[in-house]
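*Asks:* predicted coordinates and the sequence they were generated for:
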Amino acid sequence: MLQAISLSKQYQSFRALDNLNLEIKAGEVFCLLGQNGAGKTTTINLFLGFTAATSGKALVNGQEVVPGAAATRRHIAYIPEVVMLYEQLSALENLDYFSRLAGFIYSQAQLSAFLLRCGLHEEAHRRALKGFSKGMRQKVGIAIALAKDASAILMDEPTSGLDPRATDEFTRLVLELGRQGKSVLMATHDIFNAVSLGTHIGIMRRGQLIHTLNASDINAGDLQKLYLQTI
């Protein structure tokens, strides 16, 4: 579903991404680990078409990503570290608005069903988002991804600032996305969360993907040691 082929990005003298080769299939959750500046966010931005590659290709569902073009964007949903939604609107209103932008029109009952699937309690559906916690906002963001019927979901530091309960709820949501056949690419600093929810784990350094691991082959302690040795 997501594929990088010799993907590179150069900003003047700084090489943000260096010859990345990566493939994420349907149902896989790929967690990218690395320090700030390692190339994680650049990778996500290239798949989203926010910036153009210097060389190589980013493919979504077999189509090359072209900045500004809608052909690949319709397959993708993006959940940033801070989910940007309309604070004056309710969860239902935000979900309805973004669903319509993607070309989907749902009934109120269907919209509520998406929010319930993502763990947002019914009493919060009609509340304005200005009073929502980060974890609650993320649930609305994931509901939007489901309503959009996105095949691939890109996430940038989604667990940053979450308390343990919210992190556990988020982990269960991501595992459910994988079971539904969604492809998930998540940039993160959270080693323990990467092991618990990832099917694959990559460690980046200075724009290069140094290690690619099956999550089932390593525990959090060994991954932490490898990570520290790599960076």
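*Replies:* Looks like it arrived, so ask away. Numbers count the residues shown, from 1 in each chain.

*Asks:* only C-alpha atoms for contact and neighbour calcs from this point on.
*Replies:* Fine.

*Asks:* how about the helices in this structure?
*Replies:* Ranges of helices in the chain, per DSSP state H, are 40-48, 91-101, 108-117, 134-147, 164-179, 191-197, 220-230.

*Asks:* export these to TSV and tack on mean neighbour count, distance to Tyr78 and mean pLDDT?
*Replies:* TSV is the format used below for these (neighbours: other Cα atoms under 10 Å; distance: least, Cα to Cα, whole Å; pLDDT from 0 to 100):
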stretch	mean neighbour count	distance to Tyr78	mean pLDDT
helix 40-48	23	8	94
helix 91-101	20	12	95
helix 108-117	17	17	94
helix 134-147	24	8	88
helix 164-179	17	13	86
helix 191-197	19	18	90
helix 220-230	13	26	94
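
*Asks:* wait, which of those is closest to Val82?
*Replies:* helix 134-147 (7.4 Å; Cα to Cα).

*Asks:* roughly how far is the closest one from the heart of the chain?
*Replies:* 11 Å (Cα atoms, centre = their mean, to the nearest Å).

*Asks:* what's the answer for stretch 109-129, then?
*Replies:* 21 Å.

*Asks:* need the CA coordinates for it. CSV is fine.
*Replies:* The C-alpha coordinates for stretch 109-129 follow below in CSV (Å, rounded to 0.1, in the frame of the first residue of the first chain):
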residue,chain,number,x,y,z
ALA,A,109,-26.4,7.4,13.4
GLN,A,110,-23.6,6.4,11.1
LEU,A,111,-21.4,9.2,12.2
SER,A,112,-22.0,8.3,15.9
ALA,A,113,-21.2,4.7,15.0
PHE,A,114,-17.7,5.7,13.7
LEU,A,115,-17.0,7.7,16.9
LEU,A,116,-18.2,4.8,19.1
ARG,A,117,-15.9,2.4,17.2
CYS,A,118,-13.0,4.7,18.1
GLY,A,119,-13.9,4.7,21.8
LEU,A,120,-15.4,8.2,22.1
HIS,A,121,-18.3,7.9,24.5
GLU,A,122,-21.7,9.0,23.2
GLU,A,123,-22.1,11.8,25.7
ALA,A,124,-19.1,13.6,24.0
HIS,A,125,-20.4,13.3,20.5
ARG,A,126,-22.3,16.6,20.6
ARG,A,127,-19.8,18.6,22.7
ALA,A,128,-17.6,21.3,21.2
LEU,A,129,-14.0,20.1,20.7
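
*Asks:* residue contacts, Ser112?
*Replies:* 92, 122, 125 (Cα atoms under 8 Å, 6 or more residues apart in numbering).

*Asks:* please apply the same query to His75.
*Replies:* 60-61, 149-152.

*Asks:* circling back to that earlier point, want to throw the helices of the chain into JSON lines with distance to Ile24?
*Replies:* Formatted as JSON lines, the helices of the chain follow (distance: least, Cα to Cα, whole Å):
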{"stretch": "helix 40-48", "distance to Ile24": "12"}
{"stretch": "helix 91-101", "distance to Ile24": "25"}
{"stretch": "helix 108-117", "distance to Ile24": "24"}
{"stretch": "helix 134-147", "distance to Ile24": "18"}
{"stretch": "helix 164-179", "distance to Ile24": "11"}
{"stretch": "helix 191-197", "distance to Ile24": "15"}
{"stretch": "helix 220-230", "distance to Ile24": "20"}
